[in-house]
Structures are given as C-alpha cells and as structure tokens.
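Asker: after the sequence you'll find the predicted model.
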Amino acid sequence: MRGNRISAPYRCVTRAFPLLAALLLCGCPYSAEEPLSDPLTAVIDPALVGAWRMRDGETGEWQILVFVPFNERELVAYAPVEAPGETSLCRVFTTMIGGERFLNVRELGMDGEQWYYAHYTVDGDRCILWLIDDYLFDSLTFRSAGDRRQFIQAHLADPLLYAAEGSEPSEMTMERAAE
C-alpha cells in the first residue's frame, strides 16, 4: 500500500487535538491506510499512560495531552478543552521496530482517516516524538505492514526518515504533567 502525501497546514488548522495537529503541522507526514502492526499484538507502554504537557509555540501556553487505556492493547489520546464538542480523540498504540518504539496514530470518528507514525522515547518525565516524514517514501509501494516496518528499520538512523533533505527533523517534546 502506498502512503499519502498531504498538505498538512490547511488540514489541521481547525483541529483542537494537539498530538495529531502537531504531527500534521510538522511538514509532510507520511500516512498510510494501515497501521505499522496489528493492534491485537500491541502492548500498552505504561510509561506513556497519563497526562503530559507541551508548550504551544505560538501562544506560549501549556497544552495538556492525556493518554488513557482504551482496552488491553490500545490507548486513547485526547486534549481537555474548555469548549464542549471540540475535543477529538485519537486511537494510539505502540509498535516496536528494531527495539525502538513507534506510535500509530489515527483520529477516531472520521471515515477514511489515515494512520500517522511517530518514533518516540520516554525518559522519566520527558517524552520526545519524531514524526515519520514522507520524504523517503515518495514513490514506494508496500505489500504489507511488515514490508513497511522492514523499510523503517533499515532507515532508523537515517535523518531522512524524519525530515526532507535540508530540513530539520520535527520534534515534539512533552513533560509529565502534575496530577
């Protein structure tokens, strides 16, 4: 299956959800119709569960992002907002590739939504996500999610997995929010 190149800025301007919005604002994220692995094989990363905060680059205000278990294998991520009806939810689960953790992210409640991927690390009270960019995927077709994982594993150390040539990788840093 081929991933889809999208023009990110226009798509997420109206989104209230900071994780997906931040991922989509980070250049040209790679997306596909299927996740990196079967969610039935996923294991919840307990280090990710809970409330995180990140500073909004434009306003300087703190944004809260909460990861809660949805079932035994997946999380739901959401950002509490004051206005009713503005919260969007994302289905999130972890896929291990070459010993590294990747988030599969898909907005809930939207037909035909694509999956987005982010490499992440959690070190104590700090979580860093790097969006998978579409640069290396430009003309590739994958027969399966396994083929896509193999490609990513072969390019884990390649900066072009996270940003187009001449660009800086997009990084989203969060810190554990006080409970």
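Answerer: Structure's in. What do you need?
Asker: the closest residue to Ser31 other than its chain neighbours: how many residues sit nearby?
Answerer: Among residues not flanking Ser31 along the chain, Gln114 sits closest, at 3.6 Å (CB to CB, 6 or more residues apart in numbering). All C-beta atoms are positioned from the backbone trio N, CA, C, and that covers glycine. Neighbourhood size, Gln114 [other CB atoms under 10 Å]: 17.
Asker: just checking, Gln114 touches Cys90?
Answerer: No: judged on CB atoms under 8 Å, Gln114 makes no contact with Cys90 at a distance of 12.0 Å.
Asker: quick check: neighbours shared by these two?
Answerer: Arg106 (CB atoms under 8 Å, 6 or more residues apart in numbering).
Asker: what comes up buried for stretch 151-171?
Answerer: Buried residues in stretch 151-171, counted by 16 or more other CB atoms under 10 Å: Ile152, His155, Leu161, Tyr162, Ala163, Ala164, Pro169, Ser170.
Asker: could you measure the residue nearest to the fourth one when sequence neighbours are not counted against Phe142, distance?
Answerer: It refers to Tyr162. Of all residues not flanking Tyr162 in the chain, Pro169 sits nearest, at 3.7 Å (CB to CB, 6+ apart). According to CB to CB, to the nearest Å, Pro169 and Phe142 sit 22 Å apart.
Asker: what does Leu136 give?
Answerer: Counting by CB to CB, the gap from Leu136 to Phe142 is 12 Å.
Asker: what do you get for Ser88?
Answerer: 28 Å.
Asker: between those two, which one's more packed in?
Answerer: Just comparing Ser88 and Phe142: by other CB under 10 Å the higher neighbour count belongs to Ser88, 21 against 17.
Asker: these two touch, right, that one and Gly109?
Answerer: Yes: here Ser88 lies in contact with Gly109, judged by CB under 8 Å, at a distance of 7.4 Å.
Asker: for the helix or strand hosting Ile64, which strands pair with it and how are they oriented?
Answerer: Element membership for Ile64 (DSSP states H and E) is strand 62-69. Strand 62-69 sits in its sheet next to strand 50-55 (antiparallel), strand 75-78 (antiparallel), going by DSSP bridges.
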